[in-house]
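Q: Dropping the sequence and predicted coords here.
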Amino acid sequence: MKTIALVGSPNCGKTTLFNAVTGLHQHVGNWAGVTVERKEGTQNGVKWVDLPGVYALSPYSAEEKVTIDYLSGGDYDEILQIVDATALARGLYLTHQLTQLSRPMTIALNMMDECRKRGITIDTEELSARLGIRVLPMSARDGTGVPELLRALKDGAKTPKSPPSAPYTAIIQRMKSALPAGNLPSEFRAWKALEGDEMGAAEAARAGQAQLRAQSGMSAAAALSALRYAWADDLCAAVRRGNPDNPTRADVIDALVLHPVLALPILAGLLALMLSLAFGRFGSGLSDWLTNIILMIQSALDGVLRHWQVAEALRRLIVEGLMTGVGSVVSFLPMLLILFACLSMLEDSGYMARAAFLMDRPMRALGLSGRSFIPLLLGFGCSVPAALSARSMRGERDRRFTLLMIPFVSCSAKMPVFAALSTLLPGGAWMIFALCALGISLAALIAQILRKTVFPGESAAFVMELPPYRLPLMSSVLRKVLRRTGEFLSRACSVILLSSMVVWLIGRFTWTGAWAVSTQESILGSIAGAIAPIFAPLGFGSVAVTAALLTGLLAKESIISTLAVLAGQGSIRAALSASLPTPAAALALMTFVLLYPPCAAASASIIKGLKSRKLSVLMVTGQCLLAWICAWIAYRLAIA
């Protein structure tokens, strides 16, 4: 089977093309590093390998290492480089390195529609002639040129011309002669050796670097990089027409959303609007409608099971345990659909990358950088991919620091809990916004403490590309919403289903196997009852709430399902009212859920990334203590 390696810089449209060709749908975002591992798919007998986006073939980040390792291994037939036509010179810098691999190669010039809007034209035939390979225009976003690209790839690709190395040809030739035999072409290895990468012949490399420094007046790496940029700029000037520096619509929008004074209020306003739509009257109305449908189904199922004379214990397990538990969580699906849709539209529009950029200065005040904002932003969806994103960050300090901040972000699994508890409080959706703000504020406070104790020093420099603004494609938004919804329903049908069943069983039977008259006499009552006094000063020291918090360590959504199962109520509000005597107790519980350790999957992912038993223990114990203290303060303020 023919294998094509997809290579390109971040945000060039590489993954969009991969999804369109193979039908697979991985996460497509607007920030560098969203693809951490390579993805594979097949189409008409061709295997496509989507490699992580890189700007250059230098193994300094996890993304670059994955790409270089694969290209060095040679387990592919040809390279398809996707180049952002609106940033041609930057793409050609990577082209220079790829041509030195001496592998069959094709270039797809993506975003040609954006070029036309800016009045830019590119002579693809001239570019093809100069490189010695096919160069094909396309727009992966709307599919223009993709069929022509696929037909051309069937004919096979050509090996590109080797780029010139003058005025350093003699130095590079001496380096090639000194290198031991290897799998990669000597031209590529000679350049990399002179740039400082380990390629063997260390003594010859040091001598060549000294000669480059003497001839150019700069370091060897800088001299060779400047040569690549000069080649790319000259080639770009020869094939591009029009003025790419004319002000664009993106420049006008950026003047507003990146304004020194207005930028942060705009970001806060967008987040507030998103939460208001999801958890305000619109979202809660849809949730109430779905709740009524679930209650009708539950009542009908109960009637059918009674008609079939199913054993009472089994009937109650199905109706009171499984249906009540899972239904109580699924009823919040409309709210999450709105939240997922809003996040996807902001992401696809290009705004989220700007949010990371404008957060760089505030994050640096905390000892982090805008790069840390990316995994924290992913945390609003789920803490697991957020932790995976943070684990790919370069620099142990930044990686560990960011991982410890992720639990303070309100993930989508916590949102149903907040939405349910907010019905007992005045303010509704604004209480959820205030709670998210509290988590961010506490994260900032803890970051300042960690910066001065555990993580002294400065964060690594943050450089990122701002993608062009685009109207989100509904097909792309729908794919992301469906993927995230599928993950949510998968948890509802697995972890929450199992936990609801277990909670119902141990909440209805005693240690001797007899039917428990009350929850306090049950197995669950004896376990949770031993822990419940810890929460008494917080206003929610009941067996039911304690049991819910314990199951919440597996999955935060199960907090709601556990309370519903133990209360025997299909109505979420009725179940909460039975367990929480006052609004103050509800506020304290919201605060505790915000801050105590995340679900088991997220905790495991964070701990794996920390690679430190000391920091792992600090995270878990510190969050438990912080959650208790803040919940106690919230409760005391509420009853004052």
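A: Here it is on my side, so go on. Residues are numbered from 1 along each chain as shown.
Q: which residues does the residue nearest to the spatial centre of the chain contact?
A: Compute the mean C-alpha point of the chain, and by C-alpha atoms, centre = their mean the closest residue is residue 378, 4.1 Å away. Taking C-beta atoms under 8 Å, 6 or more residues apart in numbering as the contact definition, residue 378 lies against 385, 386, 389. C-betas here are computed from N, CA, C, even on glycine.
Q: For burial, what's the neighbour tally of residue 142?
A: The burial count assigned to residue 142 is 11, neighbours taken as other C-beta atoms under 10 Å.
Q: Name the residues of the helix or strand where residue 479 lies that are buried.
A: Take DSSP states H and E as the rule and residue 479 turns out to sit in helix 474-492. Taking 16 or more other C-beta atoms under 10 Å as the neighbour-count basis, helix 474-492 is seen to contain the buried residues 476, 477, 479, 480, 481, 484, 487, 488, 489, 491, 492.
Q: so the residue nearest to the residue nearest to the centre of the chain when sequence neighbours are not counted, which of the three states?
A: Distance criterion C-beta to C-beta, 6 or more residues apart in numbering; nearest residue to residue 378, sequence neighbours excluded, is residue 386 at 4.1 Å. The three-state label for residue 386, taken from DSSP: H, G, I helix; E, B strand; the rest coil, comes out as helix.
Q: measure residue 386 to residue 361 for me?
A: Distance of residue 386 to residue 361, given as C-beta to C-beta, to the nearest Å: 22 Å.
Q: more neighbours, those two?
A: Here residue 386 and residue 361 are compared on neighbour count by other C-beta under 10 Å; more neighbours surround residue 386, at 28 against 13.
Q: Test my guess that the more buried one contacts residue 379.
A: Yes. Counting by C-beta atoms under 8 Å, residue 386 sits close enough to residue 379 to count as a contact (3.8 Å).
Q: Between the two, which contacts overlap?
A: Counting by C-beta under 8 Å, 6+ apart, the residues touching both residue 386 and residue 379 are 406, 409, 411.
Q: Most neighbours out of the residues you listed, which is it?
A: Most neighbours among the shared contacts of residue 386 and residue 379, by other C-beta under 10 Å: residue 406, with 26 neighbours.
Q: isn't that one right up against residue 375?
A: Yes. Judged on C-beta under 8 Å, residue 406 makes contact with residue 375 at a distance of 6.5 Å.
Q: residues bridging contact with those two, i.e. touching both?
A: Common neighbours of residue 406 and residue 375, using C-beta under 8 Å, 6+ apart, are 386, 387, 390.
Q: Angles on the backbone of the last one, please.
A: What it means is residue 390. Geometry field for residue 390 lists phi and psi as phi -70, psi -40, criterion degrees, to the nearest 10.
Q: Can I get the shared contacts of residue 386 and residue 379 in TSV including distance to residue 308 and secondary structure?
A: What follows is the shared contacts of residue 386 and residue 379, written out as TSV (distance: C-beta to C-beta, whole Å; DSSP: H, G, I helix; E, B strand; the rest coil):
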residue	distance to residue 308	secondary structure
406	48	helix
409	47	coil
411	40	coil
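Q: mind listing what the residue nearest to residue 378 touches?
A: 375, 376, 377, 378, 379, 406, 409, 411, 602.
Q: now swap in residue 398 and tell me
A: By C-beta under 8 Å, 6+ apart, residue 398 lies in contact with 368, 369, 371, 372, 459, 460.
Q: Which residue ranges make up each domain of this structure?
A: Recorded structural domains for the chain (assignment: automatic domain parsing) are 2-154, 169-241, 265-339+414-424+468-639.
Q: mean pLDDT lowest for which of those domains?
A: Set side by side, the domains of the chain show their lowest mean pLDDT on domain 2-154, which sits at a mean of 85.
Q: Just say helix, strand or coil for residue 501.
A: When classified by three-state DSSP, residue 501 comes out as helix.
Q: Could you do residue 620 as well?
A: Three-state secondary structure (criterion: three-state DSSP) places residue 620 in helix.
Q: list the contacts for it?
A: With contact set as C-beta under 8 Å, 6+ apart, residue 620 has these partners: 597, 603.
Q: My guess is residue 272 contacts residue 433. True?
A: Yes. Between residue 272 and residue 433 a contact is recorded at 5.3 Å, counting by C-beta under 8 Å.
Q: Which one's more surrounded, the two?
A: residue 433 (21 against 16).
Q: Quick check: the more buried one vs residue 271, distance?
A: Taking C-beta to C-beta as the measure, residue 433 falls 7 Å from residue 271.
Q: doesn't residue 512 fall inside a strand?
A: No. In this structure, residue 512 is coil, not part of a strand, as judged by three-state DSSP.
Q: Distance-wise, check it relative to residue 524.
A: Relative to residue 524, residue 512 is positioned 14 Å away (C-beta to C-beta).
Q: neighbour-wise, which of these two wins?
A: Higher neighbour count among residue 512 and residue 524: residue 524, with 27 against 7, using other C-beta under 10 Å.
Q: Would you check how far apart that one and residue 567 are?
A: Taken as C-beta to C-beta, the span from residue 524 to residue 567 is 13 Å.
Q: The helix or strand that contains residue 20 packs against which elements?
A: Under the assignment given by DSSP H and E, the secondary-structure element containing residue 20 is helix 14-22. Helices and strands touching helix 14-22, by 3 or more C-beta pairs under 8 Å, 6 or more residues apart in numbering; DSSP states H and E, are strand 2-8, strand 39-43, strand 46-50, strand 105-110, helix 146-154.
Q: quick one: the following helix or strand past the third one to strand 46-50, angle?
A: It stands for strand 46-50. The first helix or strand that comes after strand 46-50 along the chain, using DSSP H and E, is helix 62-73. Using axes from the mean of the first three to the mean of the last three C-alpha atoms, to 10 degrees, one finds that helix 62-73 and strand 46-50 are set 140 degrees apart in direction.
Q: Show me the contact partners of the helix or strand following helix 62-73.
A: Sequence-wise, the next helix or strand beyond helix 62-73 is strand 78-84, with elements assigned using DSSP H and E. Residues outside strand 78-84 that contact it (C-beta under 8 Å, 6+ apart): 2, 4-9, 11-14, 17, 71, 90-92, 94-95, 98, 101, 103-111, 140, 153, 156-157.
Q: Repeat the analysis, applying 6 Å as the threshold.
A: Contacts with strand 78-84, where a contact means C-beta atoms under 6 Å, 6 or more residues apart in numbering, come from 4-8, 12-14, 91, 98, 103-111, 157.
Q: How about residue 448: what's its closest non-neighbour residue?
A: Nearest in space to residue 448, with sequence neighbours left out and distances taken as C-beta to C-beta, 6+ apart, is residue 366 at 6.3 Å.
Q: just checking, the one you found touches residue 445?
A: No. In terms of C-beta atoms under 6 Å, residue 366 does not count as a neighbour of residue 445; the distance is 9.3 Å.
Q: These two - which one has more neighbours?
A: Neighbour count, other C-beta under 10 Å: between residue 366 and residue 445, residue 366 has more, with 19 against 13.
Q: pLDDT score for the more buried one?
A: In this model, residue 366 is scored at 87, pLDDT.
Q: Next up, phi/psi of it, please.
A: Backbone phi and psi, for residue 366 under degrees, to the nearest 10, turn out to be phi -100, psi 0.
Q: Alright, that wraps it up for me.
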